[in-house]
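*Asks:* here is a sequence together with a model predicted from it:
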Amino acid sequence: MEAKHLIDLDQLSPGELDEIIRLAQKIHSNPSAYMDRCHGRIMATLFYEPSTRTQMSFQTAMLRLGGQIIGFDNPSNSSVSKGESLQDTVRIVSGYADILVIRNPLEGSAYAASLYSRCPVINAGDGGHLHPTQTLTDVVTLSMELGRLDHLTIGLCGDMKNGRTVHSLIKCLSKYPGNRFVMISTPELRIPEYIEDVLRESGCTYEFRDTLEEAIGELDVLYMTRIQGERFASRAEYERQKGVYILDTQRLKLAKPTLKILHPLPRVDEIEQEVDYDPRAKYFEQAEYGMYARMALILKMIGQKYPPAKKIENEQGGHCTNPRCVTQSEGYLPKLYCEHGDVKECRYCNAKI
Amino acid sequence: MEAKHLIDLDQLSPGELDEIIRLAQKIHSNPSAYMDRCHGRIMATLFYEPSTRTQMSFQTAMLRLGGQIIGFDNPSNSSVSKGESLQDTVRIVSGYADILVIRNPLEGSAYAASLYSRCPVINAGDGGHLHPTQTLTDVVTLSMELGRLDHLTIGLCGDMKNGRTVHSLIKCLSKYPGNRFVMISTPELRIPEYIEDVLRESGCTYEFRDTLEEAIGELDVLYMTRIQGERFASRAEYERQKGVYILDTQRLKLAKPTLKILHPLPRVDEIEQEVDYDPRAKYFEQAEYGMYARMALILKMIGQKYPPAKKIENEQGGHCTNPRCVTQSEGYLPKLYCEHGDVKECRYCNAKI
Amino acid sequence: MEAKHLIDLDQLSPGELDEIIRLAQKIHSNPSAYMDRCHGRIMATLFYEPSTRTQMSFQTAMLRLGGQIIGFDNPSNSSVSKGESLQDTVRIVSGYADILVIRNPLEGSAYAASLYSRCPVINAGDGGHLHPTQTLTDVVTLSMELGRLDHLTIGLCGDMKNGRTVHSLIKCLSKYPGNRFVMISTPELRIPEYIEDVLRESGCTYEFRDTLEEAIGELDVLYMTRIQGERFASRAEYERQKGVYILDTQRLKLAKPTLKILHPLPRVDEIEQEVDYDPRAKYFEQAEYGMYARMALILKMIGQKYPPAKKIENEQGGHCTNPRCVTQSEGYLPKLYCEHGDVKECRYCNAKI
């Protein structure tokens, strides 16, 4: 793999992504061949916000490779509460460990960490920005269950506006030929414009539907998402919307027998528990595939050691004003940008300047 | 072992229990022969309420078998706080791990978990209901220290009413011939009726005493328990009772030289610290035997993988009204019952319907 | 190593300290030769107050030796919250583990633990009293970076009054010939008298300076420390003092090209982040050397098992009145003293009687 760190799944070429998927499949079919591959290696999981699911998946992946684990899951227990900068924590812990997995509510924090790390960094979620290993999990699941990532009709249901996993999955699958996306949500929760731009540029077909019933019959894949209460303007608004896109056995009767139902989990009530017993429900398998996906990723990345960070100078122009960007609270970070067509973006959080 | 999961020690036949005890003894006498038996295996400890002592004992047991550990010890850090059901957590984590150890304040929660788990489940305490590995620890300790589980005079002192470890130990030892039980407590803290029923049916001798002094001279075993402040109607009531059944060096003078003193720990002040230096004090050894007991149990149970749960239909009749039963908060659980003589019980929490 | 436990670095003879330093160097130069030395061994980290940095360093050290880890980092999650004494916790956990690492805000707590432990105890910080593995880290760093511990001019900057790491480093380095100490602080934060006594007795040269500028040009080593807000009488007092001894690139221009800058970390703002890119900054390397120092220490200590504690009688005379001494809250501890010249000290916290 060319990339030193995995911050955004977009960094990977389709060829590299394919390599990771195939390795995940190989591990899945013969896990004992890999059980000591990381003997003597250490992963540090730096979780600045708790996420048991993601942390456990990474930890299990590392342990199943024979590696070991250090880390924290609670910022109030860490040196962070003594005022330590992200930079210092990363410099020190990357001296202890062979690979860092970081989750932090600030957007761009994983990229920031990668600037100072002496070992590979994996982004395990930087706020609402990116969560590449979830998308990796999704595509490994599709590969395992369907044997391909192209020429699929993919339904995406729920909160299309705020769901970073949905955005990332669309970006990833739109690179494969013949895919058709069916977005199922209320107008208020429709995908943001920049994702529609991605779809338009990719040449993929895409459509919007108001209800599950209208769409479900055509789908090869149905990707359900949690409607997060905290994303809504008010409790009342949430209560009004949340019930609209629930998958139940009644609606499932309209679907193809070959449909695969995915969900990033945890779910609340957007999939009825009765659906779990339907063979088309693949979301628990998906969680398990996620472990194999992470094993493959770790194997591809581990083993490199980098020299201590060199000073990076500020780039000219602008100033990121995204209040959730890591540069707001970690003031020492160099100002860096990237261009996206005509648009200048913050290199950390991808907000437009 | 026939049982797929260990929810209640009663599931084990005396022969199976004996097998575990003998294995614990073998491990104790030659631990290095077992140090890699679980190489490549993972235990998940799902602790929905903190219990450092129990969690450490399980973790140490698994590590001393060469296995590894994932899990949580604090529900507020887990996906539970995002509203995830017990079912979903168990389905997912049992896809990562080879054995689940669950502790949860809701009665019947371990049984509920076992319905959805793809690997063996061990109950590490489900509220005031069951705590089978504590009793396993107790009988392994007695076997190691006395060489037998029968024809013993066993004193049990303290809170006989609320102490689940005491109830479970009585149930277990009443199956062995010739045992005699001496219950030492105030009338308010006497054993509940159903435990007296067990004793009566078993044909064992049993007696009640008001003070330690009266009883201690006859005993082969003295099982002390903590009088838990939280079990009392009021602080005043607690303060009045707690001092009554304290074991001190003065009272210990009345005991046989071969007495074995046990305590499930942690103790507060029901055993004076001076007693620790008496060779009859075995409670710290007991904690260590608990590790060997758990190693044996893990070895007996690990290695099985079960297919995803099939749908279980509700059974007819009744409705569990125990407010501490897991069925109250996990509404999707099928209604299940068992018969106990004429009495119908909730299959989860054993409350009468 | 003669000592059964490592409570105070002073316990080690210069020869023993030298042995540990040389072992740390050997491990550093060939870590893979040591990666399975602690296979099958368990370290328990009992952290009664959180300290992610120290805990991670110990955990990494043990894992890099092939050992395993149990423990806690949060007293509210532990049996301590059920009122368990330090003695009981230590007796039990030392039955599970092969080595105990304890951190506890009470002074003398590590010594207290060592009285009841069945395996070696390492003090990872007992309040403001001792923190021997930090000093071990510091001397390993100096050995690695300078090749010697004698004939050095050592500047110590910041809070000289409350900084236990500074006191301990002075005590340690004053045993080597030809060292000269330059203390840089305000009069209010000057070293306490007993440290000045140590210096006087050692025959070392020492001086006091008011500013970094005056001192920095002469130094071989500059040991910077955090000025801890919580040590000050008031917030205003803290704000007034904290800026005075900041190391920035401007002041660094006055230093020798061979200077080594150390800091126990975490830092807040006493070293400007620009300084990190200067090759003389060694504080991140120091954190990494700390891991090797702890690996060496663990290797030297592990492998012993001690019989259960025998009763220790109170010694005559006095009564420790230090409110932060472990004897205040753990009342069962025997009263023990040591003599220091004419002065009688509490054996736990070293307060004068």
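*Replies:* Cool, got the structure.
*Asks:* so which helix or strand of chain A has the lowest pLDDT on average?
*Replies:* helix A:235-242 (a mean of 76; mean pLDDT, DSSP states H and E).
*Asks:* what's that one in contact with?
*Replies:* Contact with helix A:235-242 is made by A:186, A:188, A:189, A:227, A:229, A:232, A:269, A:270, as judged by Cβ atoms under 8 Å, 6 or more residues apart in numbering or on different chains. Quick note: C-beta positions are derived from backbone N, CA and C, even for glycine.
*Asks:* check stretch A:25-43 too.
*Replies:* With Cβ under 8 Å, 6+ apart as the test, stretch A:25-43 has contacts from A:58-59, A:62, A:64-71, A:96-101, A:140, A:143-144, A:289, A:292, A:295-296, A:298-299, A:302, B:39-40, C:32, C:35, C:60, C:63-64, C:66.
*Asks:* so for it, what's the average pLDDT?
*Replies:* Mean pLDDT, stretch A:25-43: 98.
*Asks:* end-to-end on it?
*Replies:* 22 Å (Cα to Cα, to the nearest Å).
*Asks:* now that stretch, how far from the chain's geometric center?
*Replies:* How far stretch A:25-43 lies from its chain's middle: 22 Å, per Cα atoms, centre = their mean, to the nearest Å.
*Asks:* now do stretch A:207-218
*Replies:* Offset of stretch A:207-218 from its chain centre (Cα atoms, centre = their mean): 25 Å.
*Asks:* can you get me the start-to-end distance on it?
*Replies:* 12 Å.
*Asks:* get me the contact residues on the stretch 201-350 of chain A for chain C.
*Replies:* Residues of the stretch 201-350 of chain A lying near chain C by Cβ under 8 Å from any Cβ of the partner chain: A:308, A:309, A:310, A:311, A:332.
*Asks:* can you show me the CA trace of the lengthiest helix in chain A as PDB?
*Replies:* When chain A is parsed with DSSP state H, its longest helix is helix A:283-301. This file holds the C-alpha atoms of helix A:283-301, laid out as PDB (Å, rounded to 0.1, in the frame of the first residue of the first chain):
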ATOM      1  CA  TYR A 283     -26.000  -6.700   9.400                       C
ATOM      2  CA  PHE A 284     -24.600  -9.000  12.100                       C
ATOM      3  CA  GLU A 285     -22.400 -10.800   9.500                       C
ATOM      4  CA  GLN A 286     -21.400  -7.300   8.400                       C
ATOM      5  CA  ALA A 287     -20.000  -6.600  11.900                       C
ATOM      6  CA  GLU A 288     -18.000  -9.800  11.800                       C
ATOM      7  CA  TYR A 289     -16.700  -9.000   8.300                       C
ATOM      8  CA  GLY A 290     -15.600  -5.700   9.700                       C
ATOM      9  CA  MET A 291     -13.200  -7.500  11.900                       C
ATOM     10  CA  TYR A 292     -11.700  -9.300   8.900                       C
ATOM     11  CA  ALA A 293     -11.600  -6.000   7.000                       C
ATOM     12  CA  ARG A 294      -9.600  -4.400   9.800                       C
ATOM     13  CA  MET A 295      -7.300  -7.400  10.100                       C
ATOM     14  CA  ALA A 296      -6.500  -7.000   6.400                       C
ATOM     15  CA  LEU A 297      -5.900  -3.300   6.800                       C
ATOM     16  CA  ILE A 298      -3.700  -3.700   9.800                       C
ATOM     17  CA  LEU A 299      -1.600  -6.300   8.000                       C
ATOM     18  CA  LYS A 300      -1.200  -4.000   4.900                       C
ATOM     19  CA  MET A 301      -0.100  -1.000   7.100                       C
END
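*Asks:* work out which residue lies at the spatial centre of chain A.
*Replies:* Computing the C-alpha centroid of chain A and ranking residues by Cα atoms, centre = their mean puts residue A:131 first, at 2.5 Å.
*Asks:* look up how far chain B lies from that one.
*Replies:* 15 Å (Cβ to the nearest Cβ, to the nearest Å).
*Asks:* swap in residue A:179?
*Replies:* 28 Å.
*Asks:* in chain A, where is pLDDT below threshold?
*Replies:* A:75-82, A:230-232, A:243 (pLDDT under 70).
*Asks:* please, where are all the helices along it?
*Replies:* Assigned by DSSP H, the helices in chain A fall at A:14-29, A:52-64, A:86-96, A:109-116, A:132-146, A:164-173, A:193-202, A:212-216, A:235-242, A:249-252, A:283-301, A:326-329.
*Asks:* dump those to JSON lines, plus mean neighbour count.
*Replies:* As requested, the helices of chain A are arranged in JSON lines below (neighbours: other Cβ atoms under 10 Å in any protein chain shown):
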{"stretch": "helix A:14-29", "mean neighbour count": "17"}
{"stretch": "helix A:52-64", "mean neighbour count": "25"}
{"stretch": "helix A:86-96", "mean neighbour count": "25"}
{"stretch": "helix A:109-116", "mean neighbour count": "26"}
{"stretch": "helix A:132-146", "mean neighbour count": "23"}
{"stretch": "helix A:164-173", "mean neighbour count": "22"}
{"stretch": "helix A:193-202", "mean neighbour count": "14"}
{"stretch": "helix A:212-216", "mean neighbour count": "19"}
{"stretch": "helix A:235-242", "mean neighbour count": "13"}
{"stretch": "helix A:249-252", "mean neighbour count": "15"}
{"stretch": "helix A:283-301", "mean neighbour count": "24"}
{"stretch": "helix A:326-329", "mean neighbour count": "20"}
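*Asks:* now the stretch 101-250 of chain A against chain B: closest residue?
*Replies:* When scored by Cβ to the nearest Cβ, the stretch 101-250 of chain A has residue A:226 as its residue closest to chain B, at 8.2 Å.
*Asks:* pretty sure that residue contacts residue A:266?
*Replies:* Yes - between residue A:226 and residue A:266 there is a contact under Cβ atoms under 8 Å: 7.1 Å.
*Asks:* contacts only, for residue A:178.
*Replies:* Residue A:178 makes contact with A:150, A:151, A:152 under the criterion Cβ under 8 Å, 6+ apart.
*Asks:* list the contacts of the last one.
*Replies:* Each residue near residue A:152 by Cβ under 8 Å, 6+ apart is listed here: A:142, A:146, A:173, A:178, A:179, A:180, A:220, A:221.
*Asks:* could you do the first one as well?
*Replies:* Counting by Cβ under 8 Å, 6+ apart, residue A:150 makes contact with A:176, A:177, A:178, A:179.
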